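Novice: Sequence first, predicted model second:
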Amino acid sequence: MELAEMQALERVLELGQQHLQVQCLRRVDDGTGQTYPLYGIALGSTDPEAPAAGYFGGVHGLERIGAEVVISFLHTIVMRLQWDSSLHRQLEHVRLLFMPIVNPGGMALGTRANPRGVDLMRNAPVQAVADVPWLLGGQLRSPYLPWYRGEPGAPMEAENQVLCEWVAREMLSRPFSVALDCHSGFGMRDRIWFPFAHTRQPMAHLAEMVALRNVFFQTYSHHQYIFEPQSLQYLTHGDVWDYLYLQALERAVVFLPLTLEMGSWLWIKKNPRQLFSRHGIFNPLIAHRQQRVLRRHQSLLDFVGRAAAGQALWRPSPQARAALHDEALAQWY
């Protein structure tokens, strides 16, 4: 089965072959015998101490717009490299990493889960410390029900193993990195979530998250985002970014994972007929709305890379961390 998003990604890789380091990290099966590559793409500084920004999409195969946003941004980067000297200078100080389609098998099948029926964002070995919403928080009953976590005690799914190994190698080996994972399907507002999903306790780098939030809001004063911990909405088992953040704590590095949740209910409000399409619940189906969504988030993705490159200028000093931590506690906890 041909996958349009994979074809679009491979066209961008061909355009950018002069600048991109591309690895096929693994091929995964969609259950019908068709296999798809899991691409890891890198460009920029090769200094192992340089900060990194990572962009991820397509974790849930049904949410195609997340992969499309990341592929569109990668295309912008590739085209800017042909003429933008400021981007070349930026890339001397930062490493940009892309995994635009984490779950190509699920995307080809039109399912949220991977071809084995496992929700990759409920599959990591992280257990919620309080009650989670029924089914939504992750369930062990059956792959025929949504939000299935996988067999108890089994290794993570192949897609998650590749994701986690690549992030550990490329990002958690550095003193500082930030990730943005693009999703859709939560409400009528665009949200930026950060850990934790498995507990309502604040993360260790809450001050850094507030500082990052503040510099984004100050720079883009007309933004449309709600910035909050995921736990403010609901808890889940098996969140991959919680799992990787906990690994970063063990390595004593700063890793700030963000999740963009594009508010797909807004698209349904404008075109209620989308409710009758499985893809329409999570993706804009009308061409001009899709183009608007692709434009809408480019500033955020660009900011993530610039924030990583300039992290020394906005990260809080030891003296400022306590005040920022208290600010966050008052707002979210």
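Specialist: Right, received. Where do you want to start?

Novice: can you tell me the helix or strand for residue 245?
Specialist: Element membership for residue 245 (DSSP states H and E) is helix 240-251.

Novice: So what touches that helix?
Specialist: 59, 120-121, 123-126, 160, 163-164, 167-168, 172-173, 179, 181, 195-198, 203-204, 254-255, 257, 259 (C-beta atoms under 8 Å, 6 or more residues apart in numbering). (Glycine included, C-beta is placed from N, CA and C.)

Novice: Can you say which of these are buried?
Specialist: 59, 120-121, 123-124, 126, 160, 163-164, 167, 172, 179, 181, 195-198, 203, 254-255, 257, 259 (16 or more other C-beta atoms under 10 Å).

Novice: Please state the backbone phi and psi of the residue nearest to residue 174 when sequence neighbours are not counted?
Specialist: Among residues not flanking residue 174 along the chain, residue 52 sits closest, at 5.4 Å (C-beta to C-beta, 6 or more residues apart in numbering). Here is the backbone geometry of residue 52 (degrees, to the nearest 10): phi -130, psi 150.

Novice: what about residue 52, how many neighbours?
Specialist: By the criterion of other C-beta atoms under 10 Å, residue 52 has 27 neighbours.

Novice: Show the contacting residues for it.
Specialist: The contact partners of residue 52, taken as C-beta under 8 Å, 6+ apart, are 94, 95, 96, 97, 170, 171, 174, 176, 177, 178, 308.

Novice: go on, residue 213?
Specialist: Taking C-beta under 8 Å, 6+ apart, one finds 192, 227 in contact with residue 213.

Novice: any idea how far it lies from residue 71?
Specialist: Using C-beta to C-beta, to the nearest Å, we find residue 213 at a distance of 26 Å from residue 71.

Novice: With residue 8 instead?
Specialist: Applying C-beta to C-beta, the value for residue 8 to residue 71 is 5 Å.

Novice: of those two, who's got more company?
Specialist: residue 71 (25 against 18).

Novice: Shouldn't the more buried one be within a helix?
Specialist: Yes. When DSSP: H, G, I helix; E, B strand; the rest coil is applied, residue 71 is found to be in a helix.

Novice: Pull up the per-residue confidence for residue 280.
Specialist: Predicted confidence (pLDDT) for residue 280: 69.

Novice: what does the one 4 residues further on give?
Specialist: The confidence metric pLDDT takes the value 84 at residue 284.

Novice: Report the helix or strand with the lowest average pLDDT across this structure.
Specialist: helix 265-270 (a mean of 77; mean pLDDT, DSSP states H and E).

Novice: what's the distance between the helix or strand containing residue 304 and the middle of its chain?
Specialist: Residue 304 is part of helix 298-309 when elements are defined by DSSP H and E. How far helix 298-309 lies from its chain's middle: 13 Å, per C-alpha atoms, centre = their mean, to the nearest Å.

Novice: Contacts for it, please.
Specialist: Taking C-beta under 8 Å, 6+ apart as the rule, helix 298-309 contacts 51-53, 55, 69-70, 72-73, 76, 90, 93-94, 96, 176-178, 180, 192, 212, 215-216, 219-220, 223, 225, 258, 260, 314.

Novice: The residues you listed in strands, which ones?
Specialist: 52, 53, 55, 96, 176, 177, 178, 180, 192, 225, 258, 260 (DSSP state E).
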